[in-house]
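Trainee: Need coordinates for the below:
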Amino acid sequence: MDISDDTYSIIIHDPSSSSSSCDLKKIKIVENPTGHNIHEKYFVDVHRRLGRGSFGVVHVCADWNSGRQFACKTVWKANLIRDNNQNGQIEDLRNEVAIMRRLKDAGDGDDGKCVVSLRDVYEDDEMVHVVMDLCRGGTLFDVMVKRMPSRRVFREDEAAMVIRNIVRIIQMLHEKGIIHRDVKPENFIYANKSGHDCAALKIIDFGIAHFFKPGEKFNGVKGTPSYMAPELLRGDYGPEIDIWSAGFILYALLTLNFPFAGEHPWLQMYTKGNCTSAH
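Mentor: The predicted structure is shown next:
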């Protein structure tokens with residue numbers, strides 16, 4: 001693999017960060033990381049950004065030896081501690097890594113094909129880098145957006161195939177004791193661009209997912225408002241909220257519309273600042 005272009009940089013830095021490096025060194029996020037220096041194994045191409053969120057950014061990266069490309073999610077520790085919910089954000093990232101590690105154990109069987117596989121996790125003094133498989137097919141939401149100008153809704157058989165796979169993925173997560181809490185078209189991605197085969201649909205973004213025990217209830221309000229189940233805002237919910245969101249997706253596939261408007265109570269609660277959304 002020839003990566004000799006001097007215009008490329010493998011140094012990722014967030015200029016908005018104001019926390020001292022001394023403070024950041026004290027924060028250890030990941031248990032048993034792969035290593036300290038991601039650049040010993042991977043070239044991170046900062047010119048090929050795949051996405052950006054509140055706490056970090058996702059770039060294409062490549063294994064120096066094999067040339068194989070992956071996705072690298074980089075989270076700045078300074079961003080995690082800049083607000084009053086410091087411990088919550090750090091715990092979310094720890095959960096995300098722990099969940100992806102458990103799902104990695106699913107291997108190459110049917111379960112393993114449902115998730116974007118974790119490859120490595122690096123933590124240095126300022127950042128956490130999560131390296132995972134690179135999917136090139138775009139998200140389910142991308143496919144829906146392309147259909148919107150012509151109002152080409154999904155046929156019933158098409159929608160049934162998509163939902164069958166989504167429900168299968170949710171079932172797999174629940175059987176492994178994982179509640180996702182942010183099931184939406186943006187968080188299902190196709191492995192490749194070859195016809196958007198629904199069998200190649202994978203779930204991503206475990207940033208607010210959590211482990212649960214049978215019968216356990218949660219009271220933390222997290223998710224994307226438009227897709228939230230009503231019981232989320234009542235503060236007494238379990239993994240069934242993921243199924244609600246799957247039903248929401250089914251409606252959206254068949255109509256290319258959202259089933260609810262902004263006047264509904266749980267959306268009003270969000271706009272009034274009574275709950276926290278995922279980013």
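
Trainee: Tell me where the stretch 1-150 of the chain has strands.
Mentor: Listed in chain order, the strands found in the stretch 1-150 of the chain under DSSP state E, counting those that start in this stretch are 42-52, 56-63, 69-76, 118-123, 127-133.

Trainee: any chance of those strands in TSV, plus mean neighbour count and distance to G238?
Mentor: All C-beta atoms are positioned from the backbone trio N, CA, C, and that covers glycine. As requested, these are exported to TSV (neighbours: other CB atoms under 10 Å; distance: least, CB to CB, whole Å):
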stretch	mean neighbour count	distance to G238
strand 42-52	16	29
strand 56-63	21	29
strand 69-76	22	28
strand 118-123	21	25
strand 127-133	23	27
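
Trainee: Pull up the gap between the residue nearest the centre of the chain and I99, please.
Mentor: For the chain, the residue nearest the mean C-alpha position is D205 (1.0 Å; CA atoms, centre = their mean). With the distance defined as CB to CB, to the nearest Å, D205 ends up 11 Å from I99.

Trainee: Do me a favour and get the end-to-end distance for stretch 174-181?
Mentor: End-to-end span of stretch 174-181 (CA to CA, to the nearest Å): 11 Å.

Trainee: Can you tell me what sits against it?
Mentor: With contact meaning CB atoms under 8 Å, 6 or more residues apart in numbering, stretch 174-181 is reached by 99, 102-103, 106, 170, 173, 187, 203, 206, 208-213, 218, 222-223, 238-239, 241-242, 278.

Trainee: Narrow those to just the buried residues.
Mentor: Of the members of those, the ones counted as buried by neighbours, 16 or more other CB atoms under 10 Å, are 99, 102-103, 106, 170, 173, 187, 203, 206, 208-210, 218, 222-223, 238-239, 241-242, 278.

Trainee: Let's see which of those end up in helices.
Mentor: The members of the buried ones among the contacts of stretch 174-181 that map onto helices under DSSP state H are I99, R102, L103, I170, L173, I241, D242.

Trainee: Now do the contacts for V57.
Mentor: Taking CB under 8 Å, 6+ apart as the contact definition, V57 lies against I12, R49, G51, K73, T74.

Trainee: Need the max-distance pair from these.
Mentor: Based on CB to CB, the longest span within those runs between I12 and G51 and measures 14.2 Å.

Trainee: Throw the contacts of V57 into a markdown table and include pLDDT and distance to V153, thanks.
Mentor: Listed next are those as a markdown table, based on pLDDT from 0 to 100; distance: CB to CB, whole Å:
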| residue | pLDDT | distance to V153 |
| --- | --- | --- |
| I12 | 39 | 41 |
| R49 | 95 | 32 |
| G51 | 86 | 27 |
| K73 | 96 | 33 |
| T74 | 96 | 37 |
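
Trainee: from the residues you listed, which single one is nearest V60?
Mentor: Out of the contacts of V57, the member with the shortest distance to V60 (by CB to CB) is R49, at 8.1 Å.

Trainee: pretty sure that closest one is in contact with V58, am I right?
Mentor: Yes - counting by CB atoms under 8 Å, R49 does reach V58; the two are 7.0 Å apart.

Trainee: burial measure for A98, as a count.
Mentor: Other residues lying near A98 total 17 when counted by other CB atoms under 10 Å.

Trainee: quick one: contacts for it?
Mentor: Shown in contact with A98 (CB under 8 Å, 6+ apart): E31, F211.

Trainee: tell me the phi and psi of the closest residue to T255 other than its chain neighbours?
Mentor: Nearest residue to T255 in three dimensions, chain neighbours excluded: V153, at 6.1 Å (CB to CB, 6 or more residues apart in numbering). Backbone dihedrals for V153, given as degrees, to the nearest 10, come out at phi -70, psi 160.

Trainee: mind listing what V153 touches?
Mentor: V153 sits in contact with R147, L253, L254, T255, L256, where contact means CB under 8 Å, 6+ apart.

Trainee: ChimeraX command to pick out the buried ones of those?
Mentor: Command for ChimeraX, covering only those of the contacts of V153 found buried under the criterion 16+ other CB under 10 Å:
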select :253,254,256
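
Trainee: between the contacts of V153, which is closest to K113?
Mentor: In terms of CB to CB, no member of the contacts of V153 lies closer to K113 than L253, at 21.2 Å.

Trainee: so what pLDDT did that closest one get?
Mentor: At L253, the predicted lDDT confidence score is 95.

Trainee: ditto for the one 5 residues further on
Mentor: F258 is assigned a pLDDT of 82 by the prediction.
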